[in-house]
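Enquirer: Take a look and give me a structure for this.
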Amino acid sequence: MNPPVIAFFNNKGGVGKTSLVYHLAWMYHDLGLRVLVADFDPQANLTAAFLAEERLEEIWLAAET
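Expert: Numbers count the residues shown, from 1 in each chain. Here you go, the predicted model:
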């Protein structure tokens, strides 16, 4: 099986890439599709949008040690 791959890229910041991926992922999930989202941005805003604040703190504290 070859699942479709959708990638969003733009060198310019602030054009809505993170918001677009976040909302598309939720939409596809709501439609019953399996979705994998990979956040390669060092700011990790997409990752932060999907995780609870407590889990983010755990990850960031673990990364500091």
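Enquirer: Give me the residue at the spatial middle of this protein.
Expert: The central residue of the chain, meaning the one whose C-alpha is nearest the mean C-alpha position (Cα atoms, centre = their mean), is Leu46 at 3.6 Å.
Enquirer: other SSEs contacting the helix or strand hosting that one?
Expert: Leu46 is part of helix 45-50, with elements assigned from DSSP states H and E. In this structure, helix 45-50 packs against helix 17-30, with contacts taken as 3 or more Cβ pairs under 8 Å, 6 or more residues apart in numbering; DSSP states H and E. Quick note: C-beta positions are derived from backbone N, CA and C, even for glycine.
Enquirer: What residues of the helix it packs on count as buried?
Expert: Buried residues in helix 17-30, counting neighbours by 16 or more other Cβ atoms under 10 Å, are found at Lys17, Thr18, Val21, Tyr22, Ala25.
Enquirer: Any chance of a markdown table for those residues, columns pLDDT and distance to Phe9?
Expert: Supplementary listing: the buried residues of helix 17-30 in a markdown table, determined by pLDDT from 0 to 100; distance: Cβ to Cβ, whole Å:
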| residue | pLDDT | distance to Phe9 |
| --- | --- | --- |
| Lys17 | 93 | 8 |
| Thr18 | 94 | 12 |
| Val21 | 96 | 11 |
| Tyr22 | 96 | 16 |
| Ala25 | 96 | 16 |
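Enquirer: Closest to Val37 out of those residues?
Expert: Set against Val37, the nearest of the buried residues of helix 17-30 by Cβ to Cβ is Ala25 (4.9 Å).
Enquirer: what about the lowest-mean-pLDDT helix or strand in the chain, distance to the chain center?
Expert: Least confident helix or strand of the chain, by mean pLDDT, DSSP states H and E, is helix 53-64 with a mean of 87. Helix 53-64 has its C-alpha centroid displaced from the chain centroid by 16 Å (Cα atoms, centre = their mean, to the nearest Å).
Enquirer: Many thanks, we can stop here.
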